[in-house]
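>>> Need coordinates for the following:
(one chain, ligands or ions: 1)
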Amino acid sequence: MKFSVGTQAIVVGDVDQASIDSIAAIAENAVPATLALANARADHPLLILLPRSSAEYSRWQGVNPQVTVDSGAMTVRGLSGKPGWIVVNQMLDGNDTLITGAETPLISDIIYHETFHAVTLPSKWVYAPAWVIEGYAVWTSGHSAQVVSSMHPKNPVLPTYAQIHSADNAPYYYDAGSFVGYLQYVYSWQTALVFYQDAIAQNTPDVDALFNKHFGVSLPVAVAAWKRNYAHQVANVDLYT
Ligand SMILES: [Zn+2]
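Predicted coordinates:
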């Protein structure tokens, strides 16, 4: 077992020390940045586990329902309060190749994404909509952007739980993150964050009334406006050729 003990994160794994150190370096920045963005605090460093294989990684899913599973990593909720800890699947390319290094944007996005889950989700099952849970983590990880790119769908949808958890879910993650980006752009990050916190605390799939309360418009009206904005960007930026 190898490890790195930092001020913001403790990284433990059955992998080479360079992998441990590169993820620890990312986490030292990701944890304080995410805590500040989420207006949250942590009483101890964030624990990040690096299993040596995809098989070992998948065993962590057995601690459901207190797990938020993404394709490259998952967040296990803390036993009492926050934060929980993160398990990173390093075999992301399906070829047992470690994807590490501070210069690799993918692993950096993943650490930021899971850190947002870890510092904002309670240690119980969350019934808030999947677009809320994943969209905010996508947006705050920098994985998404208000500006469209050629990597992303032309016609976004506010994804359902089934879409977020489908096999080809990457575009739906992007869509959710794009909508959250739109909300913070139009209504301010502070307004968007308080809606998120209330949605997690309310813990029901129906956030329509809460959405109205915080944004002053209905969810369908805001989604329609976001889609118009998205289409406007697509029309004005030649990214699809
Ligand atoms: Zn996630």
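
>>> and P156, helix, strand or coil?
When classified by DSSP: H, G, I helix; E, B strand; the rest coil, P156 comes out as coil.

>>> got a list of what it touches?
By Cβ atoms under 8 Å, 6 or more residues apart in numbering, the residues touching P156 are Y174, D175, S178, F179, W226, K227, Y230. All C-beta spots, glycine's among them, are computed from the backbone N, C-alpha and C.

>>> same question, F211
F211 touches F195, V217, S218, L219, A222, counting by Cβ under 8 Å, 6+ apart.

>>> Out of the residues you listed, list just those in helices.
Secondary structure defined by DSSP state H assigns F195, L219, A222 of those to helices.

>>> quick revisit: farthest pair in the contacts of F211?
Farthest pair in these (Cβ to Cβ) is F195 and S218. Separation: 13.3 Å.

>>> Specify which residue of the two has the higher count of neighbours.
F195 (21 against 13; other Cβ atoms under 10 Å).

>>> Break down this protein into its strands, ranges please.
Secondary structure of the chain (DSSP state E): strands at 2-5, 9-13, 46-50, 67-69, 73-76, 85-88.

>>> quick one: contacts of the last one?
So the one you mean is strand 85-88. With contact meaning Cβ under 8 Å, 6+ apart, strand 85-88 is reached by 23, 46-51, 57, 60, 72-76, 78, 107, 110-111, 114-115, 118.

>>> Is it possible to mark the buried ones in those?
Buried by 16 or more other Cβ atoms under 10 Å: 23, 46-51, 57, 60, 72-76, 78, 107, 110-111, 114-115, 118, out of those.

>>> what about this structure, any weak spots by pLDDT?
Residue ranges of the chain with pLDDT under 70: 62-66, 78-83, 91-105, 143-153, 237-241.
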